[in-house]
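Trainee: I would like the atomic coordinates for the input below:
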Amino acid sequence: MRAPVAECLSRFDGDLYKLGPWVIMPNHVRLLICPTAGHALPKIMQGIKGVSAKVCNSLLGRTGKPFWQQESFDHIVRSQAHYDHLAQYIARNPLKARLKQHEYKVKPEAE
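Mentor: Numbers count the residues shown, from 1 in each chain. Next up, the predicted model:
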């Protein structure tokens, strides 16, 4: 399910938002995202979660079951130091969870 979620994350990068580092793990996603002018984070996340849930549930052969939790945890990044700290946290998250490389997906460096 990581590939469809990654596709949904990157679909509007540069248009509706600027996508920073991200990691897709077996039970959650961590990302840094900055809405562009005129676009609101709740609406962006609703789109990402809605489309990815539909695709993933279809691939799993499920209907009527939630794919994502209702709420997301988000907060404002107010400095470059804070951004750098969160980027490192995102990068280290799979290692902290002791995941093998095939169990998670990270944003490619070239993006």
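
Trainee: Strands of the protein, residue ranges please.
Mentor: Ranges of strands in the chain, per DSSP state E, are 17-24, 29-35, 105-106.

Trainee: Would you mind giving those as JSON lines with mean pLDDT and distance to residue 62 added?
Mentor: Using the backbone N, CA and C atoms, a C-beta is placed for each residue, glycine as well. Formatted as JSON lines, the strands of the chain follow (pLDDT from 0 to 100; distance: least, CB to CB, whole Å):
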{"stretch": "strand 17-24", "mean pLDDT": "96", "distance to residue 62": "19"}
{"stretch": "strand 29-35", "mean pLDDT": "95", "distance to residue 62": "19"}
{"stretch": "strand 105-106", "mean pLDDT": "94", "distance to residue 62": "21"}
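
Trainee: for the protein, what spans make up the helices?
Mentor: Using DSSP state H, the helices assigned to the chain run over residues 2-10, 41-60, 80-96.

Trainee: List the buried residues for the first one?
Mentor: Taking 16 or more other CB atoms under 10 Å as the neighbour-count basis, helix 2-10 is seen to contain the buried residues 2, 4-6, 8-9.

Trainee: Contacts for that helix, please.
Mentor: 19, 22, 24, 29, 31, 48, 51-52, 55-56, 59, 104-105, 107, 111 (CB atoms under 8 Å, 6 or more residues apart in numbering).
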